[in-house]
Structure formats: C-alpha cells, structure tokens
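Asker: Sequence plus predicted model, see below.
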Amino acid sequence: MKSQKEEINLYRFEEELYDEGFKNICGVDEAGRGPLAGPVVVAACILPPFLRIPGVNDSKQLSEKKREELYKIIVKNALAYNVVFINEKIIDELNIYEATKKGMLDAINGLKIEPDYVLIDAMPLSELKTNNKSIIHGDALSASIAAASILAKVSRDHYMEKMDIKYPNYGFKHHKGYGTKMHLEALEKYGPCKIHRRSFEPVAKALQKTKQLSLNLFDEEDDGE
C-alpha cells in the first residue's frame, strides 16, 4: 500500500494539470551544481499524459543500475526531451546559480514540442513565459521532474566517466567531480585540470598553490644562474 501511495503522490501535480486541460507538461531538473569539476547538466522532459513508469523517483535515491534502466525507458517513451551541458567556463563566468538557470531555459526552449506547463525543481524561472511552477524537492514529488533528474544525472555521469579516461589522475569515474577526500587529495597533488571550476574555492586554492610553486621554481632557476 505504501508504494501505491507514493506513486499516486508522485503524479499528483501532473494529474491536477491534466484535469485543468494542460497536455504537454515538462519537468526540469539539473545534476552537478555542487561538484568542483565538469559541467552542470540540465534536462527537460515531457512524458505522455498519464504514463506510469514504475520506479521513477529522485535520481539521488536510485542505484546506478536502476537509473540506467529508467534512463532508457524515459528516452524511449518521452514525447520530447532535451539535455543541455553548461561547461565549467560558463559556470566560472556566470556563477553556478545563473549557469544552472541558463541551462534550464536552454533545455526548455530546445524541446521539439513546446510545453504548455513547466514543473521546475526548486529554481524559480521568472524569465519563462510559459505557465510554470517551482517545486521544492520537486524531483521527489513530481514524476516529470524525477524523469528529468534521471536524464540529467545519467548524462552527466557518462560524461565524467569519459573525463576520467582523459584525466586519469583525479578519479572522476568514482566521485564524478564532487569534493571527496580522494578528489581533494588529487587536486592538492596535481593541481587543477582543464575541466575544474576555477571559481570554486578548493580549486582556486589549489590553482594559487600551483602558481606559487611555479614562481618559486622560476626564482630558484634564476638564483642558479
């Protein structure tokens, strides 16, 4: 009975909007606001009205295997979806909040079907002309937002696994860029790589240390001459 109740609650927002006459309801969520490296990834997803996908939930509450399974089901069944990557350069230029907002707007505007209502996880989008609602913890309360969170999370994880091959010193496949002990130790030892977010304090600190070491080495070489 508990799982049925949870499923009904997860579709409550969508069902209310369907009853009001809205059809193309879009869920929007992001993955990767907190990491020290890599992009923030935003997904927008329109599911068919009244579609039930068993197991859909906030991506953070799901195992990696379950997320991968649901990702395939969502991609196959969605009326439309769009995944947008906002790279570390834009994050450093705008700040993570504004970069995430840009990603959300780009993801919505890039859908092949125009939504007539948008459900957003937490972030208000006053710039959006379409009817919309920001829902705190929306990825655990709305099926559409949960579906978007899965698309964003899986897409970002795949990207960071590729970056692990390109930059093997940092362990990206294990922590996906978050500031774990393993990551911070690698950052301390090797300094930042290309995909690190320079505006985040641990990276800025490591970058400053790397520059100082370079200056010290340069001074030592001058003294030797």
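Answerer: Good, I have the coordinates. Everything numeric in this text was worked out from a predicted model, so none of it was measured.
Asker: Let's test this: name the helix or strand in this protein with the lowest mean pLDDT.
Answerer: Here the helix or strand of the chain ranked lowest by mean pLDDT, DSSP states H and E is helix 2-10, holding a mean of 53.
Asker: Which residues does stretch 171-183 contact?
Answerer: The set of residues external to stretch 171-183 that reach it, using CB atoms under 8 Å, 6 or more residues apart in numbering, is 32, 34-38, 156-157, 160-161, 163-164, 170, 186, 195, 202. C-beta here means a position set from N, CA and C on the backbone, and glycine is covered the same way.
Asker: following the least confident helix or strand of the chain, which helix or strand shows up next?
Answerer: helix 12-19 (DSSP states H and E).
Asker: show me where the chain has strands.
Answerer: With DSSP state E as the criterion, the chain has strands at 25-31, 40-46, 80-86, 117-121, 132-135.
Asker: Now, of the contacts of stretch 171-183, which are buried?
Answerer: 32, 35-38, 156-157, 160, 163-164, 170, 186, 195, 202 (16 or more other CB atoms under 10 Å).
Asker: now, which of those residues sits nearest V83?
Answerer: R156 (9.0 Å; CB to CB).
Asker: what about the residue nearest to that closest one when sequence neighbours are not counted, distance to S126?
Answerer: What sits nearest to R156 in space, not counting adjacent residues and going by CB to CB, 6 or more residues apart in numbering, is V41, at 4.0 Å. As defined by CB to CB, to the nearest Å, V41 lies at a distance of 22 Å from S126.
Asker: Of the two, which one has the most company?
Answerer: Comparing V41 with S126 by neighbour count (other CB atoms under 10 Å), the higher total belongs to V41, at 27 against 7.
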